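Here's my sequence, what's the structure:
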Amino acid sequence: MSGFYFVGISVLLRLISFFIVFYLLLKNSITSSSVAFKMISIWLMFCVLIPGSVHQYASFKYPVNYMTDFLDVNRKQTYEVFDLDNLDIYNILIEIHPHLIETKKSQDTVLDNQVIMRSISTIVHQMNLNAANQIELQNEEKNHIIRLSYYFNPVTLVQNLWNSCTSTDYNAYKNFRIKINEAISQRNNLIVSQLWKDSKVDKEAYMEFLKVLKN
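All right, here's what the predicted structure looks like:
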């Protein structure tokens with residue numbers, strides 16, 4: 001509710017500012033054609049030229065990311081993981097899930113190849129997270145430039161404030177992606193833990209799976 005209140009105040013202040021500017025134009029202009037020309041010029045400057053210039057500058061400094069990092073992870077790097085021997089894969093798993101070192105399968109003299117293969121999905125997911133974090137850093141830098149323009153770019157400011165209140169802005173989608181990744185990480189952690197503990201799926205384990213999947 002406070003967000004909508006803040007947006008309302010911001011919009012009201014912007015409307016008052018435009019009203020004052022247009023009032024001064026009407027008062028000091030001689031002909032109607034002169035008033036129309038100046039109003040159109042102001043509208044073009046604040047609603048087209050300034051937002052467009054900021055967008056072009058931000059896009060030039062931080063070009064559109066085509067998510068090629070995800071393609072590299074899901075193709076080349078995934079194949080490279082499958083080419084590793086079991087010990088190397090196990091060491092990567094321990095970095096991601098340190099608690100696995102205390103499990104039953106970790107104590108075996110020879111690593112279980114089937115368990116290793118079934119655990120690779122959690123490694124691929126972690127590589128996707130690392131790629132996503134790099135993309136998020138670039139997006140944050142681009143958004144920072146846009147936020148700096150709010151002092152002279154009121155249209156974008158009001159638009160982004162409204163999008164924030166309606167949960168349709170960049171941060172809303174970012175938080176949604178974070179929740180999805182956390183749910184996948186919890187699921188992978190549970191599956192990998194069950195595999196390496198060599199646990200049998202009983203009713204309690206099944207209910208735990210359902211709880212994680214519902215989240």
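
pLDDT below threshold where in this structure?
1-11, 213, 215 (pLDDT under 70).

Which residue would you name as the spatial centre of it?
Lys174 (3.1 Å; C-alpha atoms, centre = their mean).

Tell me the secondary structure of the residue in the chain sticking out farthest from the centre, please.
Using C-alpha atoms, centre = their mean, the residue of the chain lying farthest from its centre is Ile30. It sits 52.0 Å away. Recorded secondary structure, Ile30: coil (DSSP: H, G, I helix; E, B strand; the rest coil).

And it, its phi and psi?
Main-chain torsions, Ile30, degrees, to the nearest 10: phi -90, psi -50.

Okay, it and Ser121: tell me how far apart.
Counting by C-beta to C-beta, to the nearest Å, the gap between Ile30 and Ser121 amounts to 74 Å. Where C-beta positions appear, they are placed from N, C-alpha and C, glycine not excepted.

Ramachandran coordinates for Tyr206?
According to degrees, to the nearest 10, Tyr206 has phi -60, psi -40.

residues contacting Lys38?
Lys38 makes contact with 25, 29 under the criterion C-beta atoms under 8 Å, 6 or more residues apart in numbering.

In terms of helices and strands, where is it?
When elements are assigned from DSSP states H and E, Lys38 belongs to helix 32-44.

Now do the buried residues in stretch 32-45.
For stretch 32-45, a neighbour-count test (16 or more other C-beta atoms under 10 Å) marks 35, 38-39 as buried.

Tell me how far the nearest residue to Pro154 once chain neighbours are set aside lies from Leu161.
In this structure, Pro154 finds its nearest non-sequential neighbour in Arg14, 5.1 Å apart by C-beta to C-beta, 6 or more residues apart in numbering. Separation of Arg14 from Leu161 (C-beta to C-beta) stands at 10 Å.

With Leu71 instead?
Leu71 sits 35 Å away from Leu161, going by C-beta to C-beta.
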